[in-house]
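Enquirer: Show me how the following folds:
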Amino acid sequence: MARGSSSAQVRELQARLKQLGHFSPSPTGYYGSVTAASVRAFQAKHGLTVSGTVTKATWSKLRSLTRQPTHSAMYPATSRPVAKLDQRCLTGRVLCISKTSRTLSWVVDGKVIRSVDVRFGSQYTPTREGTFTIYFKSRHHVSTIYHTAMPYAMFFSGGQAVHYSADFAARGYAGASHGCVNVRDLSGISALFDQVRIGDKVVIYW
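Expert: Residues are numbered from 1 along each chain as shown. Reported below is the predicted structural model:
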């Protein structure tokens, strides 16, 4: 495993590193700069070649010092407490997005089905707040403005969409979007994309 890898094994790697205190975010399955730094720290501590890449020796040592992660440890819905739902989220099918808790909750008739971590636009390209509807979905979308991948894009206001972000998965809250709602859990956004329909409500609030 090395930078750029994306797999269930990367999730296991991150979960095992987390057990030893070398990885603080929730597992994402994406091997970015944060994961590489965690691997380097582990290698340095245990006298291994410090490369930031998981070699056979590194994997063997890590497995010997940790237990097999549970499914919930590898696939946490969100690392943050879900905020109290806005009143607008309590009826119908709603992507309920809290800027305070930085969470997106998929709510159907008042029941939270799934919650994932999200990040928003910067102060120069803020994510709009209010009530919207999903008007377009694109599984393999690429931004025509920024020429970057926007997988599992669900557009709700102009060019703003809820979508997966490999950068968010790799760097966490060190970055920001250009106004979109970024999701770092690939399996989570994939499941949401399959469930959310054109016309479903989006509520973004503090």
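Enquirer: and the gap between residue 6 and residue 84?
Expert: Residue 6 is 34 Å from residue 84, where distance means Cβ to Cβ, to the nearest Å. For glycine as for every other residue, the C-beta is placed from the backbone atoms N, C-alpha and C.
Enquirer: wait, residue 181
Expert: Distance of residue 181 to residue 84, computed by Cβ to Cβ: 19 Å.
Enquirer: still on that earlier bit, more neighbours: which of residue 6 and residue 84?
Expert: residue 6 (17 against 10; other Cβ atoms under 10 Å).
Enquirer: Quick check: phi and psi at that one.
Expert: Backbone torsions of residue 6, given as degrees, to the nearest 10, read phi -150, psi 110.
Enquirer: what does residue 58 give?
Expert: Dihedral angles for residue 58 - degrees, to the nearest 10 - are phi -60, psi -50.
Enquirer: how many neighbours does it have?
Expert: Using other Cβ under 10 Å, residue 58 has 21 neighbouring residues.
Enquirer: tell me the phi and psi of the nearest residue to it once chain neighbours are set aside?
Expert: Counting by Cβ to Cβ, 6 or more residues apart in numbering, the nearest residue to residue 58 once its immediate chain neighbours are dropped is residue 48, at 5.5 Å. The phi and psi values for residue 48, taken as degrees, to the nearest 10, are phi -100, psi 160.
Enquirer: With residue 181 instead?
Expert: Main-chain torsions, residue 181, degrees, to the nearest 10: phi -100, psi 110.
Enquirer: partners of the closest residue to it other than its chain neighbours in the sheet?
Expert: Here the nearest residue to residue 181 in space, its sequence neighbours aside, is residue 162; by Cβ to Cβ, 6+ apart that works out to 4.4 Å. On DSSP bridges, the residues paired with residue 162 through beta bridges are residue 154, residue 181.
Enquirer: wouldn't residue 162 be in contact with residue 96 here?
Expert: No: with contact defined as Cβ atoms under 8 Å, residue 162 does not count as touching residue 96 (11.4 Å).
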